[in-house]
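Q: Turn this into a structure:
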Amino acid sequence: MINKNNIIKENQRKTLYDPNLAEYLNKKVEEEKRRRELEKKLGKGIEEIEENLEKKIENMGKIIGLKEVGREKHPDMVNGVSFSPDGRYIATGCWDRYLRIFKIINNHGKIKLKRILEKELPSYVEGVSFSPDGRYIATGCLDDLLIFEIIKIINNSDEIELDLEQILREAHPKSVEDVSFSPDGRYIATGCYDGFLRIFEIINNPDKIKLNQEPILKKHPTTVNRISFSPDGRYIATGCDDRYLRIFEISKNHNKLELNRILEEGHPDSVQGVSFSPDGRYIATGCYDDFLRIFKIINNPDKIELNLKPILRKDHPNSVHKVSFSPDGRYIATGCLDEHLRIFEIIREKYKNLPLYNNKKSKDL
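A: All right, here's what the predicted structure looks like:
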């Protein structure tokens with residue numbers, strides 16, 4: 001005779017010790033720990049940003065094409081491009097010495113940019129990066145890293161204001177070609193004309209931020225043009241004048257960062273732009289040969305690899321000096337020698353009803 005009480009107890013026992021449930025709960029505990037840690041460092045706004053991004057990039061499908069949806073003419077070459085962490089704004093750095101911030105307006109599938117801030121800097125603006133909490137914006141100039149505090153962002157309006165004076169200025173031996181905050185906001189990296197990648201630890205004080213004066217250094221054969229942290233902060237990529245994209249694994253040894261090179265990918269010409277996608281599945285490069293390329297990242301247990309050929313190429317009228325994925329993974333922006341900022345919608349396999357952008361000029365590598 002079947003004992004119903006025994007069956008109920010057995011099912012309860014299985015439920016209580018279900019390994020899938022345990023794994024799920026452990027994952028949630030780790031996510032909560034990480035959220036609280038980030039909140040302490042960056043402010044409460046990071047929680048909302050993280051939740052929104054997780055929803056937006058989930059199950060987006062693989063990239064199969066690009067479609068240009070926005071363009072903005074600048075007075076000179078566009079060297080720096082950075083989306084704000086909430087995706088509402090985009091900043092550019094230009095050789096006319098101006099930092100500009102635009103509000104992004106989506107009008108029936110077309111992107112319109114409304115300039116809401118323009119600030120002249122001491123020299124050419126080579127790199128631009130928003131901090132992950134949206135409180136600061138950093139720029140790389142002729143020989144300095146400059147960080148400005150964003151003192152006012154009014155929601156649902158067009159207003160952004162910067163502190164009139166930079167809150168931090170870090171001199172470099174030569175031109176600062178690019179700058180990038182780490183995803184957790186604890187570090188800021190610079191690429192320099194002297195061939196060094198530098199990673200500074202950010203020291204948060206009540207009045208203003210400071211940098212640890214002993215940065216991690218990584219020598220490259222030639223100028224480090226561009227840098228990008230992976231979304232999980234485990235890797236950092238560099239684009240160099242010697243035509244190579246490099247990816248380094250970031251590890252800690254006695255609380256000190258160490259960089260281990262795990263990948264080198266040659267290009268036809270100088271690598272001028274680098275950007276990880278927000279889901280970590282792709283990396284985009286801009287090249288002096290006038291092409292934007294997107295590579296698929298293969299995640300192995302011990303290291304990451306790239307497909308030997310890019311999954312997508314998009315030609316430009318001139319060299320592509322900067323690339324940047326939007327935080328939600330729907331767009332990619334490029335800065336070009338032809339003085340234009342361009343924004344492309346990323347077409348993914350999931351949305352097969354949308355037309356595939358077919359670039360007839362592109363050829364296989």
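Q: Show me the shaky parts of this structure.
A: Filtered on pLDDT under 70, the chain yields the residue ranges 1-60, 151-158, 164, 206-207, 301, 350-365.
Q: In it, what residue spans correspond to helices?
A: Assigned by DSSP state H, the chain shows helices spanning 4-16, 19-42, 45-57.
Q: for stretch 285-292, the distance to its chain's centre please.
A: In terms of CA atoms, centre = their mean, to the nearest Å, the centre of stretch 285-292 is found 17 Å from the chain centre.
Q: which residues sit against it?
A: Stretch 285-292 is contacted from outside by 66, 226, 239, 245, 267-274, 284, 293, 295, 313-323, 332, 334-335, 362, using CB atoms under 8 Å, 6 or more residues apart in numbering. For the C-beta atoms, the positions are set from N, CA and C on the backbone; glycine is no exception.
Q: Now list the buried members of those residues.
A: Buried members of the contacts of stretch 285-292, counted by 16 or more other CB atoms under 10 Å: 66, 226, 239, 245, 267, 270-274, 284, 293, 295, 313-314, 316, 319-323, 332, 334-335.
Q: Just the ones in strands from these, please.
A: 66, 226, 239, 245, 271-274, 284, 293, 295, 313-314, 320-323, 332, 334-335 (DSSP state E).
Q: ok, Thr334 - contacts?
A: Neighbours of Thr334 in contact, by CB under 8 Å, 6+ apart: 81, 273, 286, 292, 316, 320, 322-324, 341-342, 344.
Q: of all those residues, which comes closest to Leu162?
A: When those are compared for distance to Leu162 (CB to CB), Val81 wins out at 17.8 Å.
Q: So what sits opposite that closest one in the bridge?
A: Thr92 (DSSP bridges).
Q: cool, and Phe196?
A: Lys219.
Q: got it, and Lys103?
A: Beta-bridge partners of Lys103, as defined by DSSP bridges: Tyr89, Lys114.
Q: hang on, it packs against Leu117?
A: No: look at Lys103 against Leu117 with CB atoms under 8 Å: they stay out of range, at 9.4 Å.
Q: Quick check: closest non-adjacent residue to Gly191.
A: Spatial nearest neighbour of Gly191, excluding adjacent residues (CB to CB, 6 or more residues apart in numbering): Val224 at 3.4 Å.
Q: Would you map out the domains in the protein?
A: The record, using automatic domain parsing to delimit domains, assigns the chain the ranges 4-42, 63-348.
Q: Deepest in the core, which of those is it.
A: Ranked by mean neighbour count, those are led by domain 63-348 with a mean of 19 (mean count of other CB atoms under 10 Å).
Q: May I have the distance across that one, first residue to last?
A: 4 Å (CA to CA, to the nearest Å).
Q: Kindly report the same for stretch 188-208.
A: OK, stretch 188-208 end separation, CA to CA: 15 Å.
Q: Also stretch 74-89?
A: 17 Å.
Q: Please report how far the nearest residue to Tyr282 once chain neighbours are set aside lies from Arg88.
A: Nearest non-adjacent residue to Tyr282, counting by CB to CB, 6+ apart: Ile294, 5.5 Å away. Separation of Ile294 from Arg88 (CB to CB, to the nearest Å): 24 Å.
Q: Likewise for His316?
A: 26 Å.
Q: Repeat that for Asp242.
A: Taking CB to CB, one finds Asp242 at 37 Å from Arg88.
Q: same check, this time on Ala189
A: Applying CB to CB to Ala189 and Arg88 gives a distance of 24 Å.
Q: same check, this time on Phe148
A: 18 Å.
Q: same thing with Lys303?
A: Lys303 is 36 Å from Arg88, by CB to CB.
Q: Sort out which one of the contacts of Thr334 lies nearest His220 for me.
A: Looking across the contacts of Thr334 and measuring by CB to CB, the closest to His220 is Gly273, at 15.9 Å.
Q: Can you spell out which residues form a bridge with the closest one?
A: Where Gly273 sits in a bridge, its partners, by DSSP bridges, are Gly286.
Q: OK, contacts around it?
A: 225-226, 239, 284-287, 292, 320-324, 334-335.
Q: Tell me who's in contact with the residue lying closest to Gly280 once chain neighbours are set aside.
A: Closest residue to Gly280 apart from its sequence neighbours, by CB to CB, 6+ apart: Pro231 at 5.0 Å. Going by CB under 8 Å, 6+ apart, Pro231 touches 183, 276-280.
Q: again, 10 Å this time
A: 53, 57, 183, 276-281, 325, 327, 329 (CB atoms under 10 Å, 6 or more residues apart in numbering).
Q: For Ser182, what are phi and psi?
A: Ser182 adopts backbone torsions of phi -70, psi 160, taken as degrees, to the nearest 10.
Q: Tell me the spacing between it and Lys110.
A: 33 Å.
Q: Next, give phi and psi for Asp241.
A: According to degrees, to the nearest 10, Asp241 has phi -70, psi -20.
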